[in-house]
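[1] here is a sequence with its predicted model. Questions after.
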Amino acid sequence: MGKILNKKELISQIKYWRKRSKKIVFTNGCFDLIHRGHVTYLNKAKSLGDKLVIGLNSDDSVSRLKGAGRPLMTAMDRAFILANLKAVNAVCLFYEDTPQQLIELVEPDVLVKGGDYKINEIVGREVVEKKGGKVVSVKFIEGFSTSELITKLQNMKTIK
């Protein structure tokens, strides 16, 4: 079984890990134009447990959240890149605007989001805390964001 899983495969994998007492960490996002900030964030998330699961926004979900022209890469391209990062153990697409349903299925031990979210704003917080899990907001590295990269690319002059 690869790392890019549908919901049914993910649940099966989670059961396997839980039987082996693995601590499951979950995060989610669009991960469009994956950069150093993303990799640092995912490494930090992984350090909080044994297995890191990523809920990846579908293309339609990214478009609804980020607007026209996004995502820049297809969901399968983004999933492929994420699945090939050392810290990542599983990637599962979700099609809703939030990962609430996926979090309810996974019931992670640790739920992680970036520092731009306050703990009480994190989707799925109640599910995780009700099961005795932990919700963590990880500080972002300044100067690394997809939006900044897009702006930089748009502002570049054509090299002749």
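    Sure thing, it's come through.
[2] which parts of the chain are strands?
    24-29, 51-57, 90-94, 110-114, 134-138 (DSSP state E).
[3] distance check, the residue most central in space within the chain against residue 21.
    In the chain, the centroid-proximal residue (C-alpha atoms, centre = their mean) is residue 28; its distance is 2.6 Å. For residue 28, the distance to residue 21 equals 24 Å [C-beta to C-beta, to the nearest Å]. C-beta here means a position set from N, CA and C on the backbone, and glycine is covered the same way.
[4] same thing with residue 53?
    16 Å.
[5] and residue 87, by the same measure?
    On the measure of C-beta to C-beta, residue 87 and residue 21 end up 20 Å apart.
[6] have a look at those two and say which one is more surrounded.
    residue 87 (17 against 7; other C-beta atoms under 10 Å).
[7] what sits against the more buried one?
    39, 42, 43, 45, 46, 52 (C-beta atoms under 8 Å, 6 or more residues apart in numbering).
[8] find the nearest non-adjacent residue to it, please.
    Nearest residue to residue 87, sequence neighbours excluded (C-beta to C-beta, 6 or more residues apart in numbering): residue 46, at 3.8 Å.
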